[in-house]
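no sequence for this one, just the structure:
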């Protein structure tokens, strides 16, 4: 019998991943119109993306992104964590599949760090820029904060795509149990949602920030 990979290995990576985020946090819910426009973005044709969001303030865009973060941290990631635990609980799942699930678990840690950095550094910086005149805040300080953010702003959605491809290539030709199929489908959906989130950050928010500097 194949030796089981202990789930505590996975739990050690993601222990208390939600501690940074309060599920009862009061959020400014984004407008329905903004949410609908975001949901209808064509991932294969980004022309006109900026124009679609012109009517919304920068604060509106940040509210949308923060609301998404909260959704990821309190719903999407817990669902994926639950699926990984189901994979570990299957007797007919090989150590390869468990290792791949663990691989995604490590990606979660990177994603959480990415979200922390945006909410603790970048978004407060943008709000400071919006509420402070250029005379009050030196260009040096603004550029230092912005460069720090860009230096740490890894394309987390690209990293997920790589993880997803590695997992799919590793199980190609294998008969995978239902629990693992569910897990892989959830990753596909999450990758799509995260890519849309990144487009709004990169194509809409970042150009506005650069214009403030």
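Alright, I've got the coordinates. Quantities reported herein were computed from a predicted structural model and do not represent experimental measurements.

state the distance from residue 168 to residue 106.
17 Å (CB to CB, to the nearest Å). For the C-beta atoms, the positions are set from N, CA and C on the backbone; glycine is no exception.

where does the prediction get shaky in this protein?
1-26, 91-93, 133-154 (pLDDT under 70).

hmm, 90 instead?
1-31, 41-50, 73-75, 77-184, 187, 202, 206-213 (pLDDT under 90).

mind listing the helices for it?
Ranges of helices within the chain are 7-14, 32-39, 49-52, 58-71, 77-89, 95-117, 123-131, 139-152, 156-171, 178-199, 206-212, based on DSSP state H.

make JSON lines out of those and add mean neighbour count.
Formatted as JSON lines, those follow (neighbours: other CB atoms under 10 Å):
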{"stretch": "helix 7-14", "mean neighbour count": "15"}
{"stretch": "helix 32-39", "mean neighbour count": "14"}
{"stretch": "helix 49-52", "mean neighbour count": "14"}
{"stretch": "helix 58-71", "mean neighbour count": "19"}
{"stretch": "helix 77-89", "mean neighbour count": "18"}
{"stretch": "helix 95-117", "mean neighbour count": "18"}
{"stretch": "helix 123-131", "mean neighbour count": "16"}
{"stretch": "helix 139-152", "mean neighbour count": "13"}
{"stretch": "helix 156-171", "mean neighbour count": "15"}
{"stretch": "helix 178-199", "mean neighbour count": "17"}
{"stretch": "helix 206-212", "mean neighbour count": "14"}
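
correct me, but residue 129 touches residue 211?
No: with contact defined as CB atoms under 8 Å, residue 129 does not reach residue 211; the gap is 9.8 Å.

residue 187: what's it in contact with?
80, 104, 160, 163, 164, 167 (CB atoms under 8 Å, 6 or more residues apart in numbering).

now residue 101: how far from residue 77?
Residue 101 is 14 Å from residue 77, by CB to CB.

before we move on, back to that, distance to residue 29 added to the contacts of residue 187, as a markdown table?
What follows is the contacts of residue 187, written out as a markdown table (distance: CB to CB, whole Å):
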| residue | distance to residue 29 |
| --- | --- |
| 80 | 24 |
| 104 | 29 |
| 160 | 26 |
| 163 | 30 |
| 164 | 30 |
| 167 | 34 |
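
need the contact list for the closest residue to residue 194 other than its chain neighbours.
Spatial nearest neighbour of residue 194, excluding adjacent residues (CB to CB, 6 or more residues apart in numbering): residue 157 at 4.6 Å. Neighbouring residues of residue 157 by CB under 8 Å, 6+ apart: 191, 194, 195, 197, 198.

for the nearest residue to the fourth one once chain neighbours are set aside, give its distance to residue 102.
Once flanking residues are discounted, residue 197 sits nearest to residue 68: 5.3 Å by CB to CB, 6+ apart. Remark: distance between residue 68 and residue 102 (CB to CB) = 26 Å.

cool, residue 195 as well?
24 Å.

could you do residue 64 as well?
32 Å.

just residue 167 next, same as before
11 Å.

again with residue 62
In terms of CB to CB, residue 62 sits 34 Å off from residue 102.

one more: residue 108?
From residue 108 to residue 102 the distance is 10 Å (CB to CB).

ok, now residue 59?
39 Å.
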